[in-house]
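Peer 1: Starting from these lines, generate the structure:
(one chain, ligands or ions: 2)
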Amino acid sequence: MKLNRLSGLGQKRIEKLAGIGISNMADLLTHFPTRYEWVETDLGNYQENPKNSFQLEIFIESVQQKPKYLLFIGYADRVPIHILFFHQNYRKQSIRLNQSYRFQGKIQRWQNSLQMVNPILAKEITDKRVFLPVYRLPSGITQTMFRRWIRQGIEEESVFERDYSPFFGDQFGSHIEAIRTMHFPEAPSDLEGARKRLAAEEAVQYQLAQILTKQPNRPGIPHGDVDLTLLIKQLPFQLTEGQLQSLTEIRKDMLATRPMYRLLQGDVGSGKTVVAFLSMAISVLSGFQAAYLAPTEVLAKQVYEKAIPFFTQTAISCVLVTGSTKKKERAGIAERIKAGEGLAVFGTHALLSDNLEFGQLSLVVTDEQHRFGVSQRSKLQSKGPAVDVLAMSATPIPRTLALTLFGEMSLSVIRSLPAGRKPIRTYLVGPQKRKDAYGFLEREVEKGHRGFVVCPHIELGEESDESDPMSIEKLEGEIRHSLFTRTSHTTLHGRMKKDEQSSAMDAFKSGKAPVLLSTTVIEVGIDVPEATVIFVESAERFGLAQLHQLRGRVGRSDRQSYCVLICHSKSEKAIERMRVLVESQDGFEIAEKDLRLRGQGNLFGLEQHGSFGFTHLDLAIDQEIWETVRRSIAVMDQQKIHSFYSYARRYLDNLKEVREYNACNSR
Ligand code: ADP
Ligand code: MG
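Peer 2: Ligands and ions are numbered 1, 2, ... in the order given. Below you'll find the predicted structure:
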């Protein structure tokens, strides 16, 4: 079904939806709510739930025009209530006296009476309290409209249901029921069941993708027993035990005749990058080429810049290939890569492009492994006959899961941080102390340090009420109104152009703009040792693991660092969650506590954040689902597995490739 068959959805609105990534019915139905709200219909519930919205039938008795607003006085079930409209004088004509209307909005107590400010006239009439979805929407599209489209879409779309029963039977209910429940749960407790069904589907899709892109077993490249002593000696620090141990394991694999497939796991700041560089040195000094795949351009550039001084004393040259590498320069680099010159190649997914041919690729390093799609990884691997793979991740995943997630990988772990690191002092700050906290940020920056301020959103929320999470736009407004004044700042987020991003990063690194306002784009890998403070606005919106990653952006030198979590929520639960970070610095421990605190069915309200591209599947709690699926696939023959290849679409960039690959493998 086409989107334009939905009522009230014309060309203009279709374009608006396209702007947030909705271009067909499936996109629409999987645009899930960011939160839900109760709409009450009984004023008697106000005492108990003063923060909920209310839909009330109100009899309007009189109206007064005040200088700044329009005031209607009426009764809801004989209780007097004031309705105030700011900037909506036209309401004087549309709302008549001695008639009843259904108003919907929050209720406030003002002196001795109740009031509603700028309520809407309810279009979805209900006679009992309902739990309604709230979506992230472009301006000009209301919640009411969007809910109507979703309802209509679910009705008409129900015929398309994929059969997942070969993978997990019918234990999680049907797909369309899960979709319906995600949008319109009757109560919060319904959500967990629906989430489980969608999580199970994701497990199937991912595991199929993994099998379909699996490289055939081929003999590996035996690297030389390269002497790394000098390279290690010239480092400005001593390698930690974990780093040395990992390096030993990697070297052993690289010397062997089977391809290496190893995951290097280590908490943020544990120093994985230098281990990767040394592994790359083994490759290039043995006469081959090594590639380092980073998830973002900012990160690729940063690693490349670190690599240059590292490799200067060797004959190894470093090159950088990203989406914004100039055509001519790129052509030159491509030629050298193709000729098999001993290079350490750094880049983003631009490295995967078909017209980049490696003459002598022997090692692929993927940084922040979980950020890449299954097929992106296998694509780079396929650029050499049987390359060694070193995948790196800071996500604490239990060992058993790591193994099935990444296929048959071996695991190296760096358990401890470099010596001399001081624990990052972490503080929890409520809105009242916020201004003072920014004073602290300025003082810290005036010592020559740098500070990050992270917001969950870029733009102001549509509702722009108090409960809206902080955005970069809103924060910039506050800075203009003197939130802080003595230091200059710059901004970095994913919607900026690549060259703007990179100049913002440069200004921050050089200290020209010592404060960086950003979204979670800085979450992975950014390494600016001068940074000693990180502020996270609306910290309650993030998962603990994510906050831990963010905190890892500071504390990268021997200077004392600070993390300030600004919590705008008064909920006990939110505060308890934030406390975990105040009390612990250990990624594994934090992940475990996060799981325990969130419990089941409590996953919503957090900003969704797709590790491994999962929206619903949570590796920490869905191990059983994962295993169920794994067992079903394990007993299927190849032909049967391949018949399901379209299920894996979401995790494959290029289905055609898979089909071709299958074709040549079945021959
Ligand atoms: P991550 O594991 O999060 O990727 P990085 O590789 O970015 O961590 O390292 C974090 C910082 O620690 C870098 O500035 C790096 O130069 C430094 N570093 C790495 N190893 C050591 C060590 N053994 N001793 C001191 N500092 C180190
Ligand atoms: Mg890193």
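
Peer 1: Quick one: name the residues of the stretch 501-650 of the chain near ligand 1.
Peer 2: Residues of the stretch 501-650 of the chain lying close to ligand 1 (Cβ under 6 Å from any ligand atom) are 525, 527, 529, 556. C-beta: built from backbone N, CA, C; applies to glycine.

Peer 1: Report the buried residues of stretch 303-318.
Peer 2: By neighbour count on 16 or more other Cβ atoms under 10 Å, the buried set for stretch 303-318 is 303-304, 306-307, 310-311, 314, 316, 318.

Peer 1: Using CSV, lay out those residues together with distance to ligand 1 and secondary structure.
Peer 2: Shown next, in CSV, are those (distance: Cβ to the nearest ligand atom, whole Å; DSSP: H, G, I helix; E, B strand; the rest coil):
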residue, distance to ligand 1, secondary structure
V303, 9, helix
Y304, 13, helix
K306, 7, helix
A307, 12, helix
F310, 10, helix
F311, 14, helix
T314, 18, coil
I316, 18, coil
C318, 16, strand
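
Peer 1: gap between R136 and E459?
Peer 2: Distance from R136 to E459, counting by Cβ to Cβ, to the nearest Å: 10 Å.

Peer 1: Show me which strand runs longest in the chain.
Peer 2: strand 53-65 (DSSP state E).

Peer 1: isn't there a strand covering H82?
Peer 2: Yes. Counting by DSSP: H, G, I helix; E, B strand; the rest coil, H82 is part of a strand.

Peer 1: what packs against the longest helix seen in the chain?
Peer 2: Criterion DSSP state H: the longest helix present in the chain is helix 191-212. Helices and strands touching helix 191-212, as assessed by 3 or more Cβ pairs under 8 Å, 6 or more residues apart in numbering; DSSP states H and E, comprise helix 165-168, helix 175-183, helix 374-381, helix 623-634, helix 638-643, helix 655-666.

Peer 1: Now do it, average pLDDT.
Peer 2: The average pLDDT within helix 191-212 is 90.

Peer 1: Give the next helix or strand downstream of that helix.
Peer 2: helix 229-233 (DSSP states H and E).

Peer 1: for that following helix, what is the average pLDDT?
Peer 2: In the prediction, helix 229-233 has an average pLDDT of 93.

Peer 1: is any part of that helix close to ligand 1?
Peer 2: No. Applying Cβ under 6 Å from any ligand atom, one finds helix 229-233 separated from ligand 1 by no less than 10.2 Å.

Peer 1: Can you list the buried residues in that helix?
Peer 2: 231-232.

Peer 1: Check stretch 134-145 too.
Peer 2: So stretch 134-145, judged by 16+ other Cβ under 10 Å, has buried residues 134-135, 137, 141, 143, 145.

Peer 1: May I have that stretch exported as PDB, CA atoms only?
Peer 2: Below are the C-alpha coordinates for stretch 134-145, written out as PDB (Å, rounded to 0.1, in the frame of the first residue of the first chain):
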ATOM      1  CA  VAL A 134       4.100  10.100  21.400                       C
ATOM      2  CA  TYR A 135       6.300  10.200  18.300                       C
ATOM      3  CA  ARG A 136       9.200  12.300  17.100                       C
ATOM      4  CA  LEU A 137       7.700  14.200  14.200                       C
ATOM      5  CA  PRO A 138       8.500  17.000  11.800                       C
ATOM      6  CA  SER A 139       6.700  20.300  12.400                       C
ATOM      7  CA  GLY A 140       3.400  20.400  10.600                       C
ATOM      8  CA  ILE A 141       2.500  16.900  11.400                       C
ATOM      9  CA  THR A 142       0.600  16.400  14.600                       C
ATOM     10  CA  GLN A 143       0.500  13.500  17.000                       C
ATOM     11  CA  THR A 144      -3.200  13.000  16.200                       C
ATOM     12  CA  MET A 145      -2.600  12.800  12.500                       C
END
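
Peer 1: which residues touch it?
Peer 2: With contact meaning Cβ atoms under 8 Å, 6 or more residues apart in numbering, stretch 134-145 is reached by 8, 12-13, 16-17, 19-20, 31-37, 120, 123-124, 132-133, 146, 462.

Peer 1: Please spell out the PyMOL selection for the buried subset of those residues.
Peer 2: Buried residues among these (16+ other Cβ under 10 Å), as a PyMOL selection:
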select buried, resi 13+16+17+31+32+33+34+36+37+132+133+146+462
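
Peer 1: out of the contacts of stretch 134-145, which touch ligand 1?
Peer 2: Among those, no residue is within reach of ligand 1 (Cβ under 6 Å from any ligand atom).

Peer 1: If I look at the closest residue to P431 other than its chain neighbours, what pLDDT would I see?
Peer 2: Among residues not flanking P431 along the chain, H568 sits closest, at 5.8 Å (Cβ to Cβ, 6 or more residues apart in numbering). pLDDT for H568: 87.

Peer 1: Need the three-state assignment for H568.
Peer 2: Under the three-state scheme (three-state DSSP), H568 adopts coil.

Peer 1: didn't it look like it was pressed against K474?
Peer 2: No. When contacts are counted by Cβ atoms under 8 Å, H568 is not listed as touching K474 (11.3 Å).

Peer 1: Residue numbers of the chain in contact with ligand 1?
Peer 2: 237-240, 243, 266, 268-274, 394, 418, 525, 527, 529, 556.

Peer 1: which ones among those residues are found in strands?
Peer 2: Per DSSP E, the residues of the chain next to ligand 1 map to strands at G266.

Peer 1: Give the residue farthest from the middle of the protein.
Peer 2: Going by Cα atoms, centre = their mean, the residue of the chain most distant from its centre is N98, 51.6 Å out.

Peer 1: Next, give phi and psi for that one.
Peer 2: Here is the backbone geometry of N98 (degrees, to the nearest 10): phi 60, psi 30.

Peer 1: A strand includes L9, no?
Peer 2: No. Read with three-state DSSP, L9 is coil and lies in no strand.

Peer 1: Pull the number of nearby residues for it.
Peer 2: By the criterion of other Cβ atoms under 10 Å, L9 has 21 neighbours.

Peer 1: Likewise for E15?
Peer 2: 11.

Peer 1: The nearest residue to I337 once chain neighbours are set aside: what's it in contact with?
Peer 2: Distance criterion Cβ to Cβ, 6+ apart; nearest residue to I337, sequence neighbours excluded, is F358 at 5.6 Å. The contact partners of F358, taken as Cβ under 8 Å, 6+ apart, are 289, 291, 337-338, 340, 345, 383-384.
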